[in-house]
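Q: Output the structure for:
(2 chains)
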Amino acid sequence: MNWKLIFSRDSLHLWIVSFLVIAGGSVFVWGRGQLVPETYGEQGPYRAAALEKLASKPSVLVSDSVCLKCHADVGEERAESLHKAVSCNHCHGLGREHVVQAQKAAKTPGLTIDSAKEWDGNFMTHIDLFITQDRATCLVCHESMVGMPEGFKQINVAEHLEDMGAEEVKGRDVCFECHMGHDTAP
Amino acid sequence: MIQENNDTGGGCGGTCDKSSCACPSDEMTSRRQFLQRASTVTIGAMSLTILPVAMGDGTESQLPMANGKGAPNEGDQLFGFLVDSDKCIGAGKCMTACRTENDVPEGSHRTWVERYVHFKDGTLQVDTVPETGFAGSGLPIIDPELVDRSFFVPKLCNQCEDAPCNQVCPVHASFTSPQGVELVDPDRCIGCGYCVQACPYGARFINPETNNADKCTWCYHRVMRNEKPACVEACPVDARVFGRLDDPNSEISKRIAKIPTDVLKEHLGTHPKTRYAGICGEVK
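A: Numbering: from 1, shown residues only, chains lettered A, B, ... in the order given. Below is the predicted model:
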């Protein structure tokens, strides 16, 4: 080692460069540690904590399997019908509140569950359970419309009533006079 | 300098007498040494800064989905989605279910249903099914006599394997989960909207309530606890099928094996995982 060279006047440049490189590198490493979020890169180029956060969101829509735990008889009836693919919430609302109450009632004997409400005609607003015989419940799927697959049962209400020999019926529950939802006779 | 490199046995050639020659042999040597040592120190100092980064968190070595197929880690589930256009009746229940499940604000859609109507005069009309279905929506009714062919196509995020939305995200908030689902990190997203523009399927939007990019996640929170996505649950005709592609006995694997399916905009090379049955050229 040539100490004379290292401490010579010319080597000042070397010291300056070394200092800049080390100082700059340290700032870079420190800054990167500050800017890269925690758990980033554990599973890939993203925050692994986001997966847990997204997966922990509670479910809103009640699955049929939850309904059928108590209403197995309806499930069996429906399984035989043409409506076997139609989920409970399609006609009865989301039933979230109903399930919460039922779970409470199962733990606390004597607690009663609210009876189902009358439908107000708005599919959008119902978190609650409802029982309806409104024709709109049927016609939201079955009203004849351009675009439907040919095998699907399409109804033009006026024509259908005429074919069946019915007098003009304007009642909301007209469909349910002949058809039932759970065991649909054609 | 050129002479030096000729390798004639000395700094200034063999015939040169050191005392009388003007060649500054010693000075040259020390300058070269100086430069060599300087470079050694500089490279050493630089490696101090580079090493921690290179050894750091190892993200470079394990990019998921980088191979473009399958789950990145063995044993991970791999999800798939099949949309059967032949079955869809345009009831719009999927849209309502999605909105309720995922708090999608009015005016935005994570999923929607398009209707394609080919008229006998050769024209094509494409419209979107209202959320409560066409029945009672007050929209003009098309005379079935004029129609040659018509069908519904439900649309949602295609969950591409090579997703353009991921590539453009400046903060890595858009990413592919180990199950193959494209997700948005809500704490990381800055709402710049690049991904909304990058998506060739129009599946993303900026949520006006959270100011984050928002999109269909195949109801990630539901499927991770073995529930079906909300739209699949709500569909009355089984036009939407969700399941595991890594399980050959799942319903979706069986149906994809049995009927011809297609993906949207295949020429873009995004390799979507949402597959469609019963669609034709004008949809793609």
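
Q: and the residue of chain A nearest chain B?
A: Here the residue of chain A nearest chain B is residue A:25; by CB to the nearest CB that distance is 2.6 Å. Where C-beta positions appear, they are placed from N, C-alpha and C, glycine not excepted.

Q: just checking, next helix/strand downstream of the helix or strand that that residue is a member of?
A: When secondary structure is defined using DSSP states H and E, the element that contains residue A:25 is helix A:12-35. In the C-terminal direction, the helix or strand that comes right after helix A:12-35 (DSSP H and E) is helix A:48-55.

Q: Tell me where chain A has strands.
A: A:117-118, A:130-131 (DSSP state E).

Q: thinking again about what came up before, which positions in the helix holding residue A:25 come out as buried?
A: A:14, A:18, A:21, A:25, A:29 (16 or more other CB atoms under 10 Å in any protein chain shown).

Q: that older thread, least reliable of the strands of chain A going by mean pLDDT?
A: If you rank the strands of chain A by mean pLDDT, strand A:117-118 sits at the bottom with a mean of 66.

Q: Could you list the low-pLDDT ranges of the chain?
A: Using chain A. Across chain A, residues meeting the criterion (pLDDT under 70) sit at A:1, A:116-128, A:167-172, A:184-186.

Q: you looked at the wrong chain, it should be chain B
A: For chain B (pLDDT under 70), the answer is B:1-29, B:44-76, B:135-136.

Q: And the strands in it?
A: With DSSP E, the ranges of strands along chain B come out as B:79-84, B:112-119, B:124-128, B:147-155, B:174-176, B:182-184, B:205-206, B:213-214, B:240-244, B:261-262, B:274-277.

Q: Tabulate the CA atom coordinates of the second one in CSV.
A: Put plainly, it is strand B:112-119. Output in CSV follows, covering the C-alpha atoms of strand B:112-119 (Å, rounded to 0.1, in the frame of the first residue of the first chain):
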residue,chain,number,x,y,z
TRP,B,112,-73.2,-5.6,-17.2
VAL,B,113,-75.3,-7.4,-19.9
GLU,B,114,-75.2,-6.4,-23.5
ARG,B,115,-77.9,-7.3,-26.1
TYR,B,116,-76.9,-7.9,-29.7
VAL,B,117,-79.8,-7.7,-32.2
HIS,B,118,-79.3,-8.5,-35.9
PHE,B,119,-82.1,-7.2,-37.9
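
Q: ok, residues contacting it?
A: Contacting residues not belonging to strand B:112-119 are listed as A:146-147, B:88, B:90, B:92, B:94-95, B:124-129, B:142, B:146-155, B:282-283 [CB atoms under 8 Å, 6 or more residues apart in numbering or on different chains].

Q: and that strand, which strands flank it?
A: Within its sheet, and counting by DSSP bridges, strand B:112-119 is paired with strand B:124-128 (antiparallel), strand B:147-155 (antiparallel).

Q: deepest of the ones you listed, which one?
A: Mean neighbour counts were compared across the strands paired with strand B:112-119 using mean count of other CB atoms under 10 Å in any protein chain shown; the top stretch is strand B:147-155, at a mean of 19.
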